[in-house]
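# coordinates only, sequence not included:
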């Protein structure tokens, strides 16, 4: 829980605006995570319910859902292609290449991926399961 409090909340306040007077976010947003065991823990789910304006709980999200995770269906492939254009001498060089690819990722690409998410979700619902 400590990481969530120390990292997620300040990041969310910065990204979505925080009004100290009303103690509410200025923009509506929803938190989504995968169904890893630690994410499904009762303590984690309770903390999310109490501290976030909206989140998709573990019972509302498929256990294995790469079709619905922007990192899986778009971002990791981009990072891998950019970071692995050439071989690396060590893990540290690879980590630096991944960080550089992340930092250089065009904001427009991320916006397109995020904007495509509702359509992917609806396609998955319409298909009664997973899409590729």
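That came through fine. As the structure is a prediction and not an experimental result, all values here were calculated from the model.

# which residues of this structure fall in strands?
With strands called from DSSP state E, the chain shows them at 18-19, 24-25.

# now the ones you listed as CSV including mean pLDDT, distance to residue 47 and mean neighbour count?
Any C-beta I mention is one placed from the backbone N, CA and C, and that applies to glycine too. Shown next, in CSV, are those (pLDDT from 0 to 100; distance: least, Cβ to Cβ, whole Å; neighbours: other Cβ atoms under 10 Å):
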stretch, mean pLDDT, distance to residue 47, mean neighbour count
strand 18-19, 90, 18, 13
strand 24-25, 89, 17, 14
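
# adding distance to residue 8, write those strands out as a markdown table.
Shown next, in a markdown table, are these (distance: least, Cβ to Cβ, whole Å):
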| stretch | distance to residue 8 |
| --- | --- |
| strand 18-19 | 13 |
| strand 24-25 | 13 |
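
# run through the residues that contact residue 57.
Residues near residue 57 by Cβ atoms under 8 Å, 6 or more residues apart in numbering: 45, 48, 49.

# who wins for neighbours among those?
Highest neighbour count within those, by other Cβ atoms under 10 Å: residue 48, with 20 neighbours.

# distance of residue 28 from residue 114?
When distance is defined by Cβ to Cβ, to the nearest Å, residue 28 is 14 Å away from residue 114.

# look up how far residue 55 lies from residue 49.
Per Cβ to Cβ, residue 49 is found 7 Å from residue 55.

# ok, residue 12 next?
On the measure of Cβ to Cβ, residue 12 and residue 55 end up 11 Å apart.

# what is in contact with the two at once?
Contacts common to residue 12 and residue 55, judged by Cβ under 8 Å, 6+ apart, are residue 31.

# my guess is residue 49 contacts residue 59, does it?
No: using Cβ atoms under 8 Å as the test, residue 49 is too far from residue 59 to be in contact (12.0 Å).
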